[in-house]
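Novice: Any chance you could fold what I've pasted below:
(2 chains)
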Amino acid sequence: MEDRFIWAMHFRLGSVFEPVNPTDTDGRYLGDSTCVDWERADGRVRLMAAAGMNTLLLELGEAMEFSCLPKARLRGQVKPSEINEHVRAWRKLGIETVPVVEFSAVHSEWMGEYSRMPATPPYREKCADVLREAYDVLEKPRYVHVGMADETGSYAHRHLALFRNKEVLWHDLKLFSDTLSKLGARPWMWGDVVWADQEGFKGNLPKEYLVSYRWMVNVVDGGNIPEKEAKWIETFDALESAGFDQVPTCSTSGWYQRGVARSVETTLNPTHVAQYVRTHVSAERLKGMCCFAYYLPDATGDKVHRQTCDIFGKVRKDWQAST
Amino acid sequence: MLWGRGDMTRRDFLSTLGSTAAATAIGGPKPRKKMIWGMYNQLGSYMWKEPNPLDDKGHFCGERCWADDLAWDRRVAYAKENGINLMLVDLAEALQYPSHPELALKGAKGQQGSRSAEWMNERVRKCRDCGIEVIPQLNFSATHDAWLGFYSRMVSSPTYYRVAKDLFRDVYDIFEKPRFISMGMDEEAIDFALGKPLGVARLGDLLWHDINFFGREISKLGARPWMASDIEWWYPEEFAKNVSRDILQQNWYYGQSFDSKAYKAKKDMRWKYIESYNRLDAAGFDQIPGPSNWLEGRDKREGKTENKVNTDLTLEYCKRELDPDRVLGYISLPWCGATRGGDKTWFDACDQLVAARAKHYPGC
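Specialist: The predicted structure follows:
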């Protein structure tokens, strides 16, 4: 298992994507309840396995009852043992589950009051507790993904713009990495933060991180990259030259805003990303491919999930055929 | 939106200023309230920069504090001599807050540390004895709150709200029931958050919620809340809709021209800052306009080398444009620390206010 090429998809277990009570003074920003649909989740994992995927990035968020977050309770949260049971079943289908605990300051409302105190001692302690708990629940996974989506100054949240910069960002990311390394898991993260400090990441982001830079729109036309997009896609190259292991990430759903996946036509994006990274990232550091699509865990997400399995599954087949 | 302050309603409060409805109703001469002639004194300095963002005590700016004894004494004497009747003291790290001693700076290498509650209280009393009321300011703008240490990284969390309440109580006691407490709140916007070690800026509902939260907590103590108004520049309609009229508004504009129409024609945003005075007035807010002798970057780029006119122009404009019943007075905002090096700037600002007062409000 150690050396296999990763073919990963990401989905969220819970149903609350955005804060519903941003002004709650007790820290219950996500409301009172969440919903986990195990039957649907199992079905999605089966489709993934049939499409040749071998890794699931499972975003736990508010769906899991973390014992270390006793105040962040919602109705409908599932017990760790329940998650564990499904993870074991998925393993039998050939799917390795990697827990995603999203520590991005703009997406961590699931941590309750701690989501509003990044880069402080209580937050840092709590993040370590969360990482330990996720590691235990998933039975010592090889990787733990710490999220870090959208934590850049350009992401203005509706209620609270919150983002770590430079030394504070690197400091916290190193703490996460150190905690996971001690546990025995490799840290994995989205690569968005590289945009925030395009020089600083080279010397400050620990090389232990497996980095999934996300490039999610169609911009390659007949092999030509429009000038305005070049700097974004070249982040793959910057990570490569800085020596980071990568699992480049594509998408089939474009952007997600306020509960709705914006219907940007991105069916070609996975192919484009695959083509690009194969020629720009060394085989030694290219550890896999991932597809990140925005869709809800309920029935409204079924179609996108199926399409994603079809499209990304074909990318995998083509990739393997040309290897 | 209004709320009571302890057992004092807004109407009671206005009555104490002499602006009685009864006097107006019977058509008699309207009693003129005593106007505020205030000077801002920046006792603390750790609002903006954080050179030590990884400090394990949360003292991101270091260990030294302004708040020089001699500078304080000289300013109070100067203010008294010139008829100033209010001093707005921006505290930040300058005070040892009894409820949160962890915020206090020790003063590294023989430098000044945070001042004790007794030190501050003694000065508040002395000022009062010479006719100057001292008003505390705790700046809770998320981009100017480095003085809050780790709590500046907990904005809008349960802990943060608790700390804010504690600190308001501390200053209410130390300043012996001041008439006002300022919550600051200037320049809280994402542009000011960019580049900081931790960028924080409240937006939308949360911003209005927190402003009113601070206002309510100050009112509960028995003081009137006071805030800088520049958030209004960017969200005028939402501001008017959401911010309690109990909060005294301190708009500020330091430019050397009040020709808002010309600015508007040039799409220069300064028209918004100037006309904020009018919008706040139309929306029914009480105001304490804040002129300054600060030389703005824009004016500097236009060739100006000093600012001797803004205070005069501000008083002229506000006297002409605003309902006098809603102008409680003026607060001059010289941007200099409470150190001896800042004295000249401070005295100049005071002189400008005194001159403008004599010109536009003789006898007030």
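Novice: Just give me the neighbour total for residue 161.
Specialist: I'll assume chain A. The number of residues packed near A:Ala161 is 23, by other C-beta atoms under 10 Å in any protein chain shown. All C-beta spots, glycine's among them, are computed from the backbone N, C-alpha and C.
Novice: Can you look at chain B instead?
Specialist: The tally of other residues near B:Tyr161 (other C-beta under 10 Å) stands at 19.
Novice: Enumerate every residue touching the nearest residue to it once chain neighbours are set aside.
Specialist: Closest residue to B:Tyr161 apart from its sequence neighbours, by C-beta to C-beta, 6 or more residues apart in numbering or on different chains: A:Thr25 at 5.4 Å. Applying C-beta atoms under 8 Å, 6 or more residues apart in numbering or on different chains to A:Thr25 gives the contacts B:158, B:161, B:213.
Novice: And the pLDDT at the first one?
Specialist: So that's B:Pro158. On pLDDT, B:Pro158 comes in at 97.
Novice: I'd say it and A:Asp24 touch.
Specialist: No: with contact defined as C-beta atoms under 8 Å, B:Pro158 does not reach A:Asp24; the gap is 9.1 Å.
Novice: circling back: adding secondary structure, write the contacts of A:Thr25 out as JSON lines.
Specialist: Formatted as JSON lines, the contacts of A:Thr25 follow (DSSP: H, G, I helix; E, B strand; the rest coil):
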{"residue": "B:Pro158", "secondary structure": "helix"}
{"residue": "B:Tyr161", "secondary structure": "helix"}
{"residue": "B:Phe213", "secondary structure": "helix"}
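Novice: could those be laid out in TSV, adding distance to B:Trp234?
Specialist: Listed next are the contacts of A:Thr25 as TSV, based on distance: C-beta to C-beta, whole Å:
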residue	distance to B:Trp234
B:Pro158	28
B:Tyr161	24
B:Phe213	20
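Novice: which bits of chain B sit near chain A?
Specialist: Applying C-beta under 8 Å from any C-beta of the partner chain, we find that chain B lies next to chain A at B:53-54, B:56, B:58, B:150, B:153-161, B:190, B:193-206, B:209, B:213.
Novice: Out of those residues, which sit inside strands?
Specialist: Secondary structure defined by DSSP state E assigns B:198-202 of the residues of chain B next to chain A to strands.
Novice: On the three-state scheme, A:Val144 is what?
Specialist: Look at A:Val144: counting by three-state DSSP, its state is strand.
Novice: what's across from it in the sheet?
Specialist: Per DSSP bridges, the residues bridged to A:Val144 are A:Pro187.
Novice: number of nearby residues for it?
Specialist: For A:Val144, the neighbour count with other C-beta under 10 Å is 25.
Novice: about what we covered before: just the buried ones from the residues of chain B next to chain A?
Specialist: The neighbour-count test (16 or more other C-beta atoms under 10 Å in any protein chain shown) marks B:53, B:58, B:150, B:153-161, B:190, B:193-194, B:196-204, B:206, B:209, B:213 as buried among these.
Novice: follow-up on the earlier one: the residue nearest to B:Tyr161 should be in a strand, yeah?
Specialist: No: assessed with three-state DSSP, A:Thr25 is coil; it does not lie in a strand.
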